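S.K.: Have a look at this prediction, sequence included:
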Amino acid sequence: MEGSFRMMVTINKTTIIVDVPSKEEVNVTGMCASGNETESSITITPKSGPLKSLTFDFKINKNKDMADKSELVSMSAEVMVDGKVEPISANKTLLVLSNPKLFYKCDVGSNFTADKVIFKYEQLKVQAFNVENEKFAENGEDCSEDVGPIPAPGNIPVNTYAVTEGNKTCIVFKGSMKFVIPYVAKSGNATEPVGLPEKFTVSGSCNFLLNGEVSQKMEVKFYEDWILTIYFTDSDNKTDVQNQLTADSSDKYYISQIELEYEYNSNLFVTADESILGKKAKFTAANLTLWETGKGKSYMCNKESTINLSSKDGFELTVSKVQYQAFKKGNSNDFGDASECAADEETNSIVPIAVGAALAGLVIIVLIAYLIGRKRSRAGYEQV
């Protein structure tokens, strides 16, 4: 267990701040679980200072449908306040950690409240079970605070991503994106919809060769360790590398490759089997000719569409409200004239037809009403 810990203790209206000393200034004892045991503990005893002892108790929570979890189930401490040692205890689940075979990491940190204390932690890394040679496991899981907010599958945000080098913006991409990712659940094979959140960082390259072809790439990092890379390639397949990087080779470009690096984290894959938790994976869809458009123009498609990136694995990408432009010049994030997708063009053509039909129907109704009214007027004249 490692991290930065601080306690805010309130006893009889007296509040003191207690920092847990570094490992060089404490003695550590505890109880390790062995075999099928499901409980462990660690006790930290500082060599000096107001904190006299601090004990954390852990337990494995077994679950039939989801992966087992280790939990921090209680905390007890002794703190010197106004010359008197005061006991503090909390016998409840304080933190749900990772699978027992993995370490749990929380860099951003958080806090929990127990009895007379607010316990704050940062840069936390803990593994309470299956520790070998006093070392953390190779794989771990991030806390929800590090992962960040996860959008609901039906409410994926429309984000704008831009790649800039120096004072030049070469790629602008706007849209809502959601991947359907296959994985191994406790009950068997399953898929999970994972959308790109509002929290992300963007990098990339305005001059890049992909398989010897002039390209540009956009990298979007999100959920702590996830990276989406989209490659945009010039339609002209020249072999002169220098010429590719310096000349406007073709008047068209397209998306040629999509890569997703991701991690099986129980925050996102709730029912994942413990055999895959904490592991990283990478998916690549290559040799694509997706959303081709002309240089100086953008591609736009508002209607939702699903792209089957792998018929074998069931890996899919669902997008909506998309507009992108690569090989841009200047430093503006504005889009050039848009080439619309067929689905949008069909929708746009239906609208005037529907409006025209409605107007025609209205004209017919007015004409019929006029004729009926005229006929009634003539009948009145004849009676007179």
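M.R.: Arrived safely, thanks for sending. Residues are numbered from 1 along each chain as shown.
S.K.: distance between the ends of stretch 125-138?
M.R.: 13 Å (CA to CA, to the nearest Å).
S.K.: Of all the residues in it, which ones are buried?
M.R.: Across stretch 125-138, burial judged by 16 or more other CB atoms under 10 Å covers 126, 127, 128, 129, 136, 137. C-beta coordinates here come from the backbone N, C-alpha and C atoms, glycine included.
S.K.: Relative to residue 27, how far out is the first one?
M.R.: In this structure, residue 126 lies at 18 Å from residue 27, with CB to CB, to the nearest Å as the measure.
S.K.: Give me the residues contacting stretch 165-176.
M.R.: 156-164, 195-196, 204-206, 216, 218, 230, 232, 298, 319-335 (CB atoms under 8 Å, 6 or more residues apart in numbering).
S.K.: For the residues you listed, which ChimeraX command selects only the ones that are buried?
M.R.: Buried members of these, defined by 16+ other CB under 10 Å, are picked up in ChimeraX with:
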select :156,159,161,162,163,164,195,196,204,205,206,216,218,230,232,298,319,320,322,323,324,325,326,327,328,335
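S.K.: where along the stretch 51-200 of the chain do the helices fall?
M.R.: In the stretch 51-200 of the chain, the helices defined using DSSP state H, counting those that start in this stretch lie at 144-147.
S.K.: For it, give me the ranges with low pLDDT.
M.R.: Along the stretch 51-200 of the chain, no part satisfies pLDDT under 70.
S.K.: can you rerun that using 80?
M.R.: For the stretch 51-200 of the chain, applying pLDDT under 80 flags the ranges 115.
S.K.: Tell me how the protein divides into domains.
M.R.: Domain ranges of the chain: 2-147, 159-336, per automatic domain parsing.
S.K.: buried ones in stretch 136-146?
M.R.: Buried residues in stretch 136-146 (16+ other CB under 10 Å): 136, 137, 139, 140, 141, 142, 143, 144, 146.
S.K.: Format the domains of the chain as JSON lines; extra columns: distance to residue 343.
M.R.: Converted to JSON lines, the domains of the chain look like this (distance: least, CB to CB, whole Å):
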{"stretch": "domain 2-147", "distance to residue 343": "33"}
{"stretch": "domain 159-336", "distance to residue 343": "4"}
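S.K.: for residue 159, what are its contacts?
M.R.: Counted by CB under 8 Å, 6+ apart, residue 159 has contacts 174, 175, 176, 196, 198, 200.
S.K.: Let me know the distance separating it from residue 330.
M.R.: For residue 159, the distance to residue 330 - CB to CB - is 22 Å.
S.K.: Return the subset of the buried residues of stretch 125-138 lying in strands.
M.R.: residue 126 (DSSP state E).
S.K.: Report the mean confidence score over stretch 28-36.
M.R.: The average of the pLDDT scores along stretch 28-36 is 93.
S.K.: Buried residues, that stretch. List them.
M.R.: residue 33.
S.K.: Over to stretch 94-110?
M.R.: Buried-residue list, stretch 94-110, by 16+ other CB under 10 Å: 94-95, 97-106, 109.
S.K.: can I assume residue 343 sits in a strand?
M.R.: No - counting by DSSP: H, G, I helix; E, B strand; the rest coil, residue 343 is not part of a strand but helix.
S.K.: pretty sure it contacts residue 319?
M.R.: No - proximity of residue 343 to residue 319 does not meet the contact threshold set by CB atoms under 8 Å, at 11.4 Å.
S.K.: Now the common contact residues for the two.
M.R.: Joint contacts of residue 343 and residue 319 (CB under 8 Å, 6+ apart) are 301, 305.
S.K.: Residue 122 against residue 20, yeah?
M.R.: No - using CB under 8 Å, residue 122 makes no contact with residue 20, being 11.5 Å away.
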